[in-house]
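Student: Just a sequence and a predicted model for now, questions to come.
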Amino acid sequence: MLLLIALALPIGALSAVVAKALLWLIAVITNFVFFQRYDTVLGPLTHHHLGAWVIAAPVVGALIIGFMARYGSERIRGHGIPEALEAILLGRSLIQPKVAILKPISSAISIGTGGPFGAEGPIIMTGGAFGSIVAQLFHLTAAERKTLLVAGAAAGMSAVFASPIAGTLLAVELLLFEWKPRSFIPVAAAALIAAVLRVPLLGAGPIFPVAPHAALNGTALLIAVLIGVIVGFGSAILTGMVYFFEDAFIKLPFHWMWWPAVGAVFVGLGGWYDPRVLGVGYELIHGLLRGDIIGAALLTLVVAKSVVWAVSLGSGTSGGVLAPLLIIGGALGALFGQWLPAGDIGLWAAVGMAAMMGGTMRSPLTGMFFLLELTHDFNSLPALFCGSVAALAVTVLILRRSILTEKLARRGQHIAREYSVDLFDLKRVGEVMDKDTPTLAAATPLREFSALIAKDDPSIGRRQGTMLVDAEKRLVGIITRSDVVRALERHPQGNLTVLEAGSSDLVVAYADETLHDAIAKMLKHDHGRLPVVDRHDDKKIVGYLGRAGILAARQNYYLEEEVRERGFGLDGVTPEIAPGVGAGHPRAYSALFRKGQKSSPNANGVPSLSPGLARGTSAYPGNEGKAGQL
């Protein structure tokens, strides 16, 4: 962790500089294209000098991006976050250096020529790319590279929006896929360094200050929930629009490098009709938060921005999603909020923005704290919380995946974003191990043991591994059926003892260690089973851990998730299922699920399954009476 913190600090500083460079480049290109002047201050495009030529400006930019993507790197396509996810989960957090150069340039061209995007997606991808590049200079694991990649991404967002908390939460909710001090603290350090350096580079926050609202009452919070629900439905529609247009572009009969230009035609037409849809639109965000935009102008903004952004993003051009989502969500919140009896338009615009982030990106904490850091309006925090959670509730019921993970799912890469404690960290070996452990004398001839296997002798059980003991019943080795096959290939007569054919170099587990640690041993040493011994006497056998016991632990999890029952009277009751295979036999559980069977108490009052299942017999039709061991 200390090493990663030391590396994350310069990555945070580098990301802040990259953020400054990206915003500078966007401003320079925007002013040159729309006002034919050199200026590093980014202003509104509502009074541009292009007239009808505004239709051509996004097309020219999209043509350049198409060539850059085809002949430079295809990874510059898209809005950045899915690409970062793909690099983390499938690319071992390795990003090519050319992506770190081409992504910000292509995004600046896209936004500077009128693309309806924000800078946050590109800076997340670019900051992540620089974090990955720095990590590749050192001997690090893929998990450690992931932390530094995400540190660069969080630092980039922190620098652009003066939002170190939201940047860190975005990393946790979207990119890290874990919440561990080893990753969380370095990412937070990078985001904080970037926020500190933002002050001399870009100025202090908040970047969208508003007049603080009064403390909110219960009515206002109920309205915030209503706004969140409305925006949640809007989020689902918006996600559907993006992928509708993406599917439409896939059907075009020419190469994908031309698709951004086709999408840019719609951007230009939309910009000709309403110039507010062009560019990053930060002044629109601030205007919505101040309550300056009202009435029909809000409806026009919602429709025009949504269509133009969905078409352009669906075409595969380069740009971010966060600023457009803030504009659309803020306009929706203000549109409905202007008729409500509590609060004001600016408050409901802020709630709409947080809700749109929470619902569309499935990141409610990020949405809530992001708006808080953008405005520094602390009294609005409960309303932001209500709105973002309500929107999340709507979108998870309507959509299987978020706008970010749907893109990867369409490539066959299904990503689950729901975090939970690892089941194997909760279970101990002693809870699932087989306590009935048949053993074999180490001096037994191999041919005798193979004959027992051939006869399916119950004295050795049906396990793949058999523990070998000396005259004092102390563990000295283990032999598997694969060991028997290999030994008989070398010595067909079987003139060996089982100890000579097996292994005396043992890897063991302990009853009090977690399943996670035991499975790690299995994977490290390529073993499918482990003897379980006393921690104070590693020759004293207390059990046997095989794959069936591990599967039984997993089956317990499914029982907790799927089986509904009344809780009264169940306190302290543990089901007695399949003695000899730990906490429960997987096939017995499967039968319980299929048949909906209720447990009946045994003589001790403990629920158990039917006698056939408790003996470990198969519940599959046609297999009655046959052993059900996996």
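Tutor: Looks like it arrived, so ask away.
Student: State the pLDDT value of the closest residue to Glu120 other than its chain neighbours.
Tutor: Spatial nearest neighbour of Glu120, excluding adjacent residues (CB to CB, 6 or more residues apart in numbering): Leu322 at 4.0 Å. In short, each C-beta sits where N, CA and C put it, glycine included. pLDDT, Leu322: 84.
Student: Ile65 versus Leu322, what's the distance?
Tutor: Leu322 sits at a distance of 19 Å from Ile65 (criterion: CB to CB, to the nearest Å).
Student: Quick check: what element follows the strand or helix carrying Val225 along the chain?
Tutor: Taking DSSP states H and E as the criterion, the element that holds Val225 is helix 218-250. Scanning forward in sequence from helix 218-250 by DSSP H and E, the next helix or strand is helix 259-273.
Student: Next secondary structure element downstream of that next one?
Tutor: Counting by DSSP H and E, the next helix or strand C-terminal to helix 259-273 is helix 282-290.
Student: Keeping just the C-alphas, turn the next helix or strand after that following helix into CSV.
Tutor: Following helix 282-290 in sequence order, the next helix or strand is helix 296-314 (DSSP H and E). Output of helix 296-314 as CSV, limited to C-alpha atoms (Å, rounded to 0.1, in the frame of the first residue of the first chain):
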residue,chain,number,x,y,z
ALA,A,296,-40.4,25.7,-22.9
ALA,A,297,-36.7,26.3,-23.2
LEU,A,298,-36.1,23.4,-20.8
LEU,A,299,-38.2,21.0,-22.9
THR,A,300,-36.4,22.1,-26.1
LEU,A,301,-33.0,21.6,-24.4
VAL,A,302,-34.0,18.1,-23.1
VAL,A,303,-35.2,16.9,-26.5
ALA,A,304,-32.5,18.5,-28.6
LYS,A,305,-29.5,17.6,-26.4
SER,A,306,-30.8,14.0,-25.9
VAL,A,307,-31.2,13.3,-29.6
VAL,A,308,-28.0,14.9,-30.7
TRP,A,309,-25.9,13.3,-27.9
ALA,A,310,-27.4,9.8,-28.4
VAL,A,311,-26.8,9.9,-32.2
SER,A,312,-23.3,11.2,-31.8
LEU,A,313,-22.3,8.7,-29.1
GLY,A,314,-23.9,5.9,-30.9
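Student: as a whole number, average confidence for helix 296-314?
Tutor: The model assigns helix 296-314 a mean pLDDT of 89.
Student: where's Val59 relative to Ala391, distance?
Tutor: From Val59 to Ala391 the distance is 34 Å (CB to CB).
Student: Which one of those two is surrounded by more residues?
Tutor: The neighbour comparison of Val59 against Ala391 (other CB atoms under 10 Å) goes to Ala391, with 34 against 19.
Student: Pretty sure Arg276 sits against Leu301.
Tutor: Yes - applying CB atoms under 8 Å, one finds Arg276 in contact with Leu301, separated by 6.1 Å.
Student: and for the two, which residues touch both?
Tutor: By CB atoms under 8 Å, 6 or more residues apart in numbering, Arg276 and Leu301 have these common neighbours: Leu284.
Student: And the helices in the stretch 501-630 of the chain?
Tutor: Assigned by DSSP state H, counting those that start in this stretch, the helices in the stretch 501-630 of the chain fall at 515-525, 547-562, 586-595, 611-614.
Student: tell me which element Leu440 falls in.
Tutor: Counting by DSSP H and E, the element that carries Leu440 is strand 439-441.
Student: May I have the strands that pair with that strand, each with its orientation?
Tutor: According to DSSP bridges, strand 439-441 has the following sheet partners: strand 465-469 (parallel).
Student: Please enumerate residues in contact with the partner strand?
Tutor: 437-442, 449, 460, 475-480, 498-499, 502, 528-529, 531, 541, 544, 546.
Student: Using CSV, write out every CA atom in it.
Tutor: The C-alpha coordinates for strand 465-469 follow below in CSV (Å, rounded to 0.1, in the frame of the first residue of the first chain):
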residue,chain,number,x,y,z
GLY,A,465,-7.8,-38.6,-2.9
THR,A,466,-7.1,-41.0,-0.1
MET,A,467,-4.9,-40.1,2.9
LEU,A,468,-2.1,-42.4,3.9
VAL,A,469,-1.2,-43.1,7.5
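Student: Quick one: mean pLDDT for that strand?
Tutor: So the average pLDDT for strand 465-469 ends up being 88.
Student: can you check stretch 185-203 too?
Tutor: Here the average pLDDT along stretch 185-203 is 94.
Student: where do the helices sit along the stretch 101-250 of the chain?
Tutor: Under DSSP H, counting those that start in this stretch, the stretch 101-250 of the chain gives helices at 120-136, 142-161, 164-170, 181-202, 218-250.
Student: Lowest average pLDDT across those helices?
Tutor: Per-segment mean pLDDT for these reaches its minimum on helix 120-136, at a mean of 83.
Student: What is that helix packed up against?
Tutor: Counting by 3 or more CB pairs under 8 Å, 6 or more residues apart in numbering; DSSP states H and E, the packing neighbours recorded for helix 120-136 are helix 2-35, helix 81-89, helix 97-112, helix 142-161, helix 322-337.
Student: Of all those helices, which one is nearest Ala211?
Tutor: For the helices and strands packed on helix 120-136, proximity to Ala211 was assessed by CB to CB; helix 322-337 is nearest, at 15.7 Å.
Student: Specify the angle between the closest one and helix 218-250 in degrees.
Tutor: Angle of helix 322-337 versus helix 218-250, following axes from the mean of the first three to the mean of the last three CA atoms, to 10 degrees, is 130 degrees.
Student: helix or strand right after helix 322-337?
Tutor: Counting by DSSP H and E, the element after helix 322-337 in chain order, helix or strand, is helix 345-360.
Student: quick check: angle from that next one to helix 296-314?
Tutor: Put simply, helix 345-360 runs at 20 degrees to helix 296-314, going by the same axes, to 10 degrees.
Student: For the chain, give me the ranges with low pLDDT.
Tutor: Along the chain, segments meeting pLDDT under 70 span 79-85, 89-91, 407-408, 411-418, 459, 461-462, 567-630.
Student: counting residues per strand, which one in it is longest?
Tutor: Selection of the longest strand in the chain by residue count, based on DSSP state E, yields strand 537-545.
Student: For it, name the packing helices and strands.
Tutor: Identification of packing neighbours for strand 537-545 by 3+ CB pairs under 8 Å, 6+ apart yields helix 429-432, strand 465-469, strand 475-480, strand 530-534.
Student: if we can go back for a sec, columns mean neighbour count on top of the helices and strands packed on helix 120-136, output as JSON lines?
Tutor: Listed next are those as JSON lines, based on neighbours: other CB atoms under 10 Å:
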{"stretch": "helix 2-35", "mean neighbour count": "21"}
{"stretch": "helix 81-89", "mean neighbour count": "23"}
{"stretch": "helix 97-112", "mean neighbour count": "24"}
{"stretch": "helix 142-161", "mean neighbour count": "30"}
{"stretch": "helix 322-337", "mean neighbour count": "28"}
